[in-house]
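A.B. asks: Give me a 3D structure for the following:
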Amino acid sequence: MTEAIYVVVADSSHADIYLSQDKLHSLELQQTLEHAASRQTAQELESDRPGRAASSGRGYHGFGGDHDPQRQQAEVFARQLGHFLHQAHGEGRFARLAIAAPPQFLGQLRQHLSKDCEQVLLRTVDKHLGRLDASAVLAHFA
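C.D. replies: As a prediction, this is how the structure comes out:
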C-alpha cells in the first residue's frame, strides 16, 4: 500500500479530496464530491413534508415528527463520503487520512467512517476550510 495521505476538506455539501505523497508538505487536488441537496433551503426540502393540523388545544402540530431536513441531507452526504473513503482506502489509494470540516459535519462524518479509516486517521481540524487553496489548507494541518 502507498504511504500517501488523503486530506479531506468538507462541509455538508462539498468535499475536496487532496493527496499528499510527502508527509503533508504539499497537496494535489484529486477529486471533488458534491451533494446538491444539502444546498437547498429547508423550505425547498420540505415541499413534500407531512401536513399540519390544529390541535384540540391551542396551536398546531405537524404530522410525521420533528426533523431538520438540512441536517438529514448533511447526514446523507456524510454517509456517502464515509463510503467513498472506505472504498479508496480499501483500494490502497491512501495509507493515512486527515479531515477538516465544520464541527457539526465533522461529527456526522466521524460517525460514518469505517474502522479501517478511523485507524489511519492522523488528524482532524474542526473548522470550515472549504474553498481555500491547497497551501492555505495545508497551513491548518502544520
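
A.B. asks: residues of the helix of greatest length in the chain that come out buried?
C.D. replies: In terms of residue count, the longest helix belonging to the chain (DSSP state H) is helix 69-90. Of the residues in helix 69-90, 69-70, 73-78, 81-82, 85-86, 88-89 count as buried by neighbour count, 16 or more other C-beta atoms under 10 Å. No exception for glycine: its C-beta is placed from N, CA and C like everyone else's.

A.B. asks: now do stretch 132-142
C.D. replies: Leu132, Ala134, Val137, Leu138, Phe141.

A.B. asks: tell me the contacts of the last one?
C.D. replies: Taking C-beta atoms under 8 Å, 6 or more residues apart in numbering as the definition of contact, the neighbours of Phe141 are Val7, Leu24, Ala98, Ala100, Arg123, Val125.

A.B. asks: The third one sits in which helix or strand?
C.D. replies: Using DSSP states H and E, the secondary-structure element containing Ala98 is strand 96-100.

A.B. asks: angle of that strand against helix 69-90?
C.D. replies: Counting by axes from the mean of the first three to the mean of the last three C-alpha atoms, to 10 degrees, strand 96-100 lies at 160 degrees to helix 69-90.

A.B. asks: Identify each buried residue in strand 96-100, please.
C.D. replies: So, applying 16+ other C-beta under 10 Å, buried residues of strand 96-100: Arg96, Leu97, Ala98, Ile99, Ala100.

A.B. asks: got those as JSON lines, with pLDDT and distance to Ile17 columns?
C.D. replies: Output for those, formatted as JSON lines (pLDDT from 0 to 100; distance: C-beta to C-beta, whole Å):
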{"residue": "Arg96", "pLDDT": "96", "distance to Ile17": "13"}
{"residue": "Leu97", "pLDDT": "97", "distance to Ile17": "10"}
{"residue": "Ala98", "pLDDT": "97", "distance to Ile17": "11"}
{"residue": "Ile99", "pLDDT": "98", "distance to Ile17": "10"}
{"residue": "Ala100", "pLDDT": "98", "distance to Ile17": "12"}
